[in-house]
Structure formats: C-alpha cells, structure tokens
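Any chance you could fold what I've pasted below:
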Amino acid sequence: MSNRPLNIAKSMFFWRQLFAVLFSGSLLFPYIGNQPAQAKLSQYCQFSKKNVQQKESLRQATFLKGSRKAKKRYQTLISQHAQTLKKCRGRNWPQTQALWLRLYPCDLKPGTLAQIMDRVVNQGYNQVYVETFYDGQVLLPQNNNPTVWPSVVRGRGLENADLLAQAIQKGRERGLKVYSWMYTTNFGYSYARRKDRERAIARNGKGQTSLYLNTKGSEVFIDPYNMDAKRDYYRMVLEVMRRRPDGILFDYIRYPRQTGSKSIATKVTDLWIYSDATQKALFGRAQNSKGLDLIRRFLRKGYVTAADISDVDRKYPREGEPMWQGRIPKNTKSALIPSQRQPLLQWDLWQLSVAHTMQGIVDFVNLATYPAKQQGIPAGVVFFPGGNRRVGRGFDSRLQPWDRFSSSLQWHPMSYANCGNTSCIVKQVQRVLTTSKPGTKIFPALAGTWGRSVSNRPPLEQQMRSLRQYSSRIRGVSHFAYSWQYPQHDRARKFCRLR
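As a prediction, this is how the structure comes out:
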C-alpha cells in the first residue's frame with residue numbers, strides 16, 4: 001500500500017512526457033521541447049553549431065509551421081544570444097565587428113530577414129551595414145520614395161514594403177546595430193537616363209562621362225558641385241534618416257577608377273572638372289583677371305605657354321602676378337620674363353585643378369553627413385587607402401582625398417590588398433593610422449571568409465590577428481561581405497521571385 005502513490009506518480013509522469021512528445025512537434029523540431037542550450041562562443045564570439053542548429057529549428061517552426069510555442073521560445077533565445085554576444089564583444093577585441101550586407105526583394109518572404117540576421121549574430125557580429133543606395137536604386141518603399149531614384153522593391157502589392165525599416169527592426173531585436181550603407185558620388189545608370197540631369201554628370205576634358213570608360217555599366221559619377229545633384233542626394237539622405245538607422249556610411253566618395261596607364265591622372269584633361277558647375281566653381285577661385293584668364297586657357301588647351309602669359313600681362317597691365325586661391329607666388333613679374341615664369345605657372349595651375357577636383361568630393365561629403373550630425377547619429381566614410389595616392393607628378397585616377405575627411409567621422413578604409421599574406425593589408429592600415437589625427441575612429445574593412453583563403457586572400461582569422469597589434473587605435477573591424485560567407489544563399493535570394 002505504501003508504494004501505490006509512488007507508482008501512480010510515475011505513471012502520470014510517463015503519460016505527461018508521452019503527451020508532450022506526441023503533440024509538441026518536438027519530433028519534427030527536436031529543440032522546441034527542450035530548454036535552450038547554454039550558448040558557447042569561440043574566441044571570435046561565434047556561436048557553437050549546437051546553438052546555431054537550435055535557433056534555426058525554432059525559426060523554421062515559427063515561420064514554416066506557425067507554432068506559437070516555438071515563436072515564444074525563439075524570441076527568448078534570440079534575446080539571450082543578444083546578451084551573450086554583447087558580453088563577449090565587450091571582453092574581446094574587436095569591440096565592434098561588422099558585416100556588409102545587400103538585401104533583395106525576396107528578403108520580404110516571412111522568416112528570411114530573421115534567418116539573415118541570425119546568421120550575422122551567429123558569426124559574432126554586433127553590427128551590420130545594410131546597403132541602402134546602390135546601382136541607381138534606393139531601399140525605400142514605392143509609396144514613400146520622394147527621391148529621383150526607383151525603389152529596390154517594386155511590383156503590385158509591394159508598394160508599401162519597407163525593407164530597410166524591417167531590417168533595422170530585425171537587427172535590433174538581436175542586439176545588432178544596423179547602419180545604412182550608401183553609394184555617394186556614384187548615382188547609377190538610372191540617374192544618367194534623366195534628361196533633366198544631363199548637366200549633373202561629371203565629364204573629363206575629352207567630353208567623356210564614366211559611361212564611356214572601362215567600368216561597370218551601372219557606375220555613373222556626378223559633378224559634386226552641381227546643385228541638382230546635391231539637392232537630389234540630400235533629399236534621399238533625409239528620407240533614409242527617418243528610418244532612424246544606428247549609423248550611416250558613405251561609399252563611392254570618389255571619381256571613376258580607371259585601368260592601365262589611365263589609372264594615373266597626369267594632365268588636366270584627365271580630371272573630371274569639365275561639367276558646367278565644376279568649371280564655374282573653378283573660375284570662381286580666381287582672385288584677379290590675369291588668374292581667371294590663365295585658368296580658362298589652361299582648362300581649354302591643357303597647358304599655358306609663354307605667349308599666353310605675355311598676352312595676359314598685356315591685357316591687364318595694372319595687375320601683378322596671376323592669382324587664385326592658395327597661390328603664393330615665389331617670384332614677381334618684374335623679376336622674370338614670361339618664358340621663365342611659364343613652368344611655375346603651369347605647375348601651379350595643375351595643382352589648383354587637382355585641389356579643386358578633390359575639394360568637390362570633400363564638400364559633397366560634408367553635405368551628405370550633415371543630417372546625421374544634426375541628429376547625433378554616427379556617420380562614416382568608406383575609402384581606399386590608395387585612393388589619394390600621388391605618383392610622380394600625377395595622382396590616382398580616383399582622386400579620393402580621404403586624408404582631408406573630417407576626423408569627427410568614422411573612417412572605414414577598405415583594406416583589400418591582395419598579396420597572398422597579410423603584410424600588404426597591414427601596410428594599408430598603417431598608412432591610414434599614420435595619416436589620421438589622434439582620436440579618429442578607424443574601422444578597417446577586410447575582404448575574405450572564415451576558415452579558408454579566397455582569391456588569394458588569407459582567412460579572416462589571419463587578417464584579424466595581424467591587426468590586433470593596433471588594438472589601442474582600432475576598436476572595430478568590418479568584413480566584406482555576407483555574400484562571400486553565404487554565396488549560395490545570396491544567389492538564391494538575388495534571383496528568386498517574390499511572387
């Protein structure tokens with residue numbers, strides 16, 4: 001008699017367990033009926049395979065089966081993983097580890113954004129940079145897109161789909177900071193097709209736009225001095241900022257990258273200063289009539305001669321040396337004859353033209369980052385460490401003056417050097433560290449994948465180890481890109497049909 005209550009209790013326990021197995025769905029999704037496994041992270045804050053599988057099973061049960069029980073457990077687990085990742089990143093270098101991500105219309109399918117953001121967290125990232133403006137299209141809904149660019153998501157029934165806002169929400173639920181990543185002076189082919197914006201496209205001294213060059217067909221670079229281009233871009237930034245991303249990054253802050261001998265700009269006709277607004281701004285830098293006259297001749301012919309200088313002296317006899325912003329003559333007119341002054345004047349005109357070309361980029365960056373500064377949201381600039389390189393008397397054709405960008409911005413140097421090891425990558429980062437002012441927040445961007453070499457680039461682990469020596473200056477690193485780490489998933493999302 002004394003054992004009967006115990007036997008009844010055992011029997012009831014057995015039937016409760018059997019009932020739970022039969023009706024909880026745990027045969028299909030084995031982790032749903034169990035307590036979440038204790039999260040275990042690697043030295044790079046990456047979650048264990050067991051943790052990843054558990055979370056993925058709950059995600060599938062939530063979105064594919066519609067299980068309310070799974071949804072509750074899933075939400076609890078992603079919250080726990082967010083806290084675990086936060087603690088890990090706080091203890092380990094780098095404190096910020098980010099991943100670059102492009103979204104596609106098919107990411108609107110239920111559960112897809114959740115899967116993407118889960119994978120970002122699983123790999124130890126606590127920030128994600130969502131591509132918001134690229135290839136002449138913007139990640140804004142059709143019914144709320146006051147810009148001149150088409151929306152990424154288009155189609156009947158999708159007019160109100162706000163993929164950017166959803167990405168920000170899904171990322172934050174998992175403890176991620178979500179940045180908006182935008183092309184800047186590359187406005188895309190859709191912009192070039194607008195007849196009312198022809199004057200806004202940058203041109204060189206051969207009358208070419210970037211469409212004529214050996215670059216991607218979607219790359220169309222604008223005249224950074226053009227007011228229409230400025231207004232168009234500023235309006236788009238304001239609309240993106242209404243989604244309140246955690247930060248905003250500006251990429252393609254430069255001119256076209258050319259190849260071969262054209263990769264170095266050596267003469268004024270190589271420069272992108274022949275569109276109306278840029279020329280007008282350049283002429284405005286003249287400080288007397290002689291200066292303006294010589295600037296015009298230099299721009300038109302590509303050089304000035306002793307005869308040009310004599311002619312200018314004759315036309316404006318009451319003026320001294322030709323003057324423009326930044327020019328400090330080393331000799332006076334009375335000291336040297338025109339043939340002796342010609343080499344220096346031509347050199348000064350070349351320097352003025354290059355400086356003017358670069359200043360357009362700097363001014364455009366200042367305009368683009370202003371809304372973020374006003375709202376107290378971090379803004380950053382993305383650039384190539386070699387983009388401002390000087391080669392003899394010439395300059396890198398990209399003419400990217402990153403050394404003149406404000407130190408109040410985050411600097412994201414694309415350290416993509418490829419030499420089979422990490423030495424060239426380290427060299428690029430060293431150059432940025434040496435050039436930057438103390439206190440500048442520097443976040444090197446690395447290209448590669450975890451655990452294996454890709455395109456002769458060392459695994460990310462090796463690249464990270466090589467940069468750890470600068471941990472006192474570098475608190476964050478980013479990796480390009482989600483598409484490299486999950487190429488099959490990226491292709492499937494890119495070419496799928498939403499309906």
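
Tell me which helix or strand residue 172 sits in.
helix 163-173 (DSSP states H and E).

Give me the buried positions along that helix.
When burial is assessed from 16 or more other Cβ atoms under 10 Å, helix 163-173 yields the following buried residues: 163, 164, 165, 166, 167, 168, 170, 171. In this view, the C-beta of every residue, glycine as well, is placed from N, C-alpha and C.

who touches the last one in this structure?
The neighbourhood of residue 171, defined by Cβ atoms under 8 Å, 6 or more residues apart in numbering, consists of 117, 120, 128, 130, 177, 178.

which SS class is the residue nearest to it when sequence neighbours are not counted?
Residue nearest to residue 171 in three dimensions, not counting chain neighbours: residue 178, with 3.9 Å by Cβ to Cβ, 6 or more residues apart in numbering. Per DSSP: H, G, I helix; E, B strand; the rest coil, the local secondary structure of residue 178 is strand.

Residue 178: how many residues sit nearby?
Using other Cβ atoms under 10 Å, the number of residues around residue 178 comes to 25.

Tell me the bridge partners for it.
Listed by DSSP bridges, the beta-bridge partners for residue 178 are residue 128.

From what I see, it and residue 128 are in contact.
Yes - contact status for residue 178 versus residue 128: in contact at 5.6 Å, counting by Cβ atoms under 8 Å.

Just give the closest residue to the residue nearest the centre of the chain, not the sequence neighbours.
Against the mean C-alpha coordinate of the chain, by Cα atoms, centre = their mean, the closest residue is residue 251 at 4.0 Å. Closest residue to residue 251 apart from its sequence neighbours, by Cβ to Cβ, 6+ apart: residue 382 at 4.1 Å.

Against residue 190, how distant is residue 337?
54 Å (Cβ to Cβ, to the nearest Å).

higher neighbour count, the two?
Taking neighbours as other Cβ under 10 Å, residue 337 and residue 190 compare with residue 190 leading, 16 against 12.

What distance do you get for that one to residue 241?
Residue 190 is 22 Å from residue 241, by Cβ to Cβ.

go on, residue 53?
38 Å.

and the longest helix for the protein?
helix 338-375 (DSSP state H).

I'd like the next helix or strand past it.
Past helix 338-375, the next helix or strand by DSSP H and E is strand 379-383.

Around residue 195, how many other residues sit close by?
For residue 195, the neighbour count with other Cβ under 10 Å is 5.

Report how many residues lie close to residue 430.
Here the count is done by other Cβ under 10 Å, and residue 430 has 15 residues near it.

Can you classify it as helix, strand or coil?
Going by three-state DSSP, the secondary structure assigned to residue 430 is helix.

Flag the shaky bits of the protein, pLDDT-wise.
1-38, 214-216, 331-335 (pLDDT under 70).

now the strands for it?
Ranges of strands in the chain, per DSSP state E, are 96-101, 127-134, 137-138, 177-183, 247-251, 264-265, 379-383, 390-391, 394-396, 410-413, 445-447, 476-480.

just checking, what packs against the first one?
Spelled out, that is strand 96-101. Applying 3 or more Cβ pairs under 8 Å, 6 or more residues apart in numbering; DSSP states H and E, one finds that strand 96-101 contacts helix 112-122, strand 127-134, strand 476-480, helix 482-485.

CA-only coordinates of the second one in PDB, if you can.
Extracted as PDB, the C-alpha positions of strand 127-134 are listed here (Å, rounded to 0.1, in the frame of the first residue of the first chain):
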ATOM      1  CA  GLN A 127      26.800  45.500 -36.300                       C
ATOM      2  CA  VAL A 128      25.500  45.100 -39.800                       C
ATOM      3  CA  TYR A 129      25.900  47.600 -42.700                       C
ATOM      4  CA  VAL A 130      22.700  47.300 -44.900                       C
ATOM      5  CA  GLU A 131      23.200  48.600 -48.500                       C
ATOM      6  CA  THR A 132      20.600  51.300 -48.900                       C
ATOM      7  CA  PHE A 133      21.500  53.100 -52.100                       C
ATOM      8  CA  TYR A 134      23.400  51.300 -54.900                       C
END
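
which of the residues in that strand are buried?
Neighbour-count burial for strand 127-134 [16+ other Cβ under 10 Å]: 127, 128, 129, 130, 131, 132, 133, 134.

Stretch 136-148 now?
The neighbour-count check on stretch 136-148 (16+ other Cβ under 10 Å) flags 136, 137, 138, 139, 140, 141, 142, 145, 147, 148 as buried.

out of those, what pair is the most spread apart?
The largest separation in the buried residues of stretch 136-148, counting by Cβ to Cβ, is between 136 and 141 at 17.1 Å.

Residue 198: neighbour count?
12.

and what of residue 431?
Quick note: residue 431 (other Cβ under 10 Å) scores 17 neighbours.

quick one, what contacts the residue nearest to residue 171?
Counting by Cβ under 8 Å, 6+ apart, residue 178 makes contact with 127, 128, 130, 167, 168, 171, 172, 245, 246.

ok, and the closest non-adjacent residue to the fifth one?
In space, and not counting its chain neighbours, residue 168 is closest to residue 178: 4.6 Å by Cβ to Cβ, 6+ apart.
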